[in-house]
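Q: Predicted model follows, preceded by the sequence.
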Amino acid sequence: NAGVTQTPKFQVLKTGQSMTLQCAQDMNHNSMYWYRQDPGMGLRLIYYSASEGTTDKGEVPNGYNVSRLNKREFSLRLESAAPSQTSVYFCASSVDRVVNQPQHFGDGTRLSIL
Amino acid sequence: AQSVAQPEDQVNVAEGNPLTVKCTYSVSGNPYLFWYVQYPNRGLQFLLKYITGDNLVKGSYGFEAEFNKSQTSFHLKKPSALVSDSALYFCAVRDMDSSYKLIFGSGTRLLVRP
């Protein structure tokens, strides 16, 4: 039972390079999320998709774009990477848009921007 | 402004002793509260939630949490700590301005000594 799968697990980029982080879930969940985790700051929501075909900005969307490709997949793109985007990125999913359902997280992508 | 506070960066406890990880919140209206745990190099895992009902909520791995409305707290507890409980713990509350979003605390590292 894979749950939420993120690729790649690690990546090093140079400033200005672009990259897409991939996320797929096999739980037939409607809602998906992208977070970033920085030391001492908990998790901050970048973008979310309440259902297939919709996306909305979270707390820290600047410098990122997302695509909800289908019900299973939700990708995060950095068009021009900056050192401030060095972080651990987590994708999550939940049954639906009602937040009392728990979110299920992938194991993260550790991204370093030089 | 809505917020979640975890006042302790780290909690140290001996194996077999009871543990408490503290969380306080500030939201308008009735809160939806959650605890998640993160093991090294893994994503967050759901432990338990409070939506309504009994103030004492039981969750996974023997953890429980007590909701206290007058003190605006939702402390995580376990009667007897295990070394394997050592991890990073996050408290979260529903964003009252959006039914799908969670606001996470900064996390508390629990270290259980053998």
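A: Ah, there it is.
Q: Confirm that residue A:84 lies within a helix, as I assumed.
A: Yes - note on residue A:84: a helix contains this position according to DSSP: H, G, I helix; E, B strand; the rest coil.
Q: can I assume residue A:23 is in contact with residue A:76?
A: Yes - taking Cβ atoms under 8 Å as the definition, residue A:23 is a contact partner of residue A:76 at 7.3 Å. C-beta coordinates here come from the backbone N, C-alpha and C atoms, glycine included.
Q: Can you check which residues contact both of those two?
A: Common contact partners of residue A:23 and residue A:76 (Cβ atoms under 8 Å, 6 or more residues apart in numbering or on different chains): A:34, A:91.
Q: mind exporting stretch B:15-26 as CSV, just the C-alpha atoms?
A: Taking only C-alpha atoms (Å, rounded to 0.1, in the frame of the first residue of the first chain), the coordinates of stretch B:15-26 have been written out as CSV:
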residue,chain,number,x,y,z
GLU,B,15,11.5,5.4,29.3
GLY,B,16,8.5,4.2,31.4
ASN,B,17,7.7,7.7,32.7
PRO,B,18,4.6,9.6,31.6
LEU,B,19,5.1,12.2,28.9
THR,B,20,3.3,15.5,28.0
VAL,B,21,3.8,17.6,24.9
LYS,B,22,2.1,20.9,25.2
CYS,B,23,0.0,22.8,22.7
THR,B,24,-2.0,26.0,23.0
TYR,B,25,-4.2,27.5,20.3
SER,B,26,-5.8,30.8,19.4
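Q: Tell me who's in contact with residue 82.
A: No chain in the question, so chain A it is. Contacts were defined as Cβ under 8 Å, 6+ apart; by that measure residue A:82 touches A:15, A:63, A:113.
Q: wait, I meant chain B there
A: B:15, B:112.
Q: Let me see the confidence value for the closest residue in space to residue B:84 that isn't next to it in sequence.
A: Using Cβ to Cβ, 6 or more residues apart in numbering or on different chains and skipping the chain neighbours, the partner closest in space to residue B:84 is residue B:112 (7.8 Å). Taken from the predicted model, the pLDDT recorded for residue B:112 is 97.
Q: Residue B:28 now?
A: Residue B:28 carries a pLDDT value of 81.
Q: so it makes contact with residue B:97?
A: No - using Cβ under 8 Å as the test, residue B:28 is too far from residue B:97 to be in contact (9.5 Å).
Q: which residues do those two both contact?
A: Shared contacts of residue B:28 and residue B:97 (Cβ under 8 Å, 6+ apart): residue B:2.
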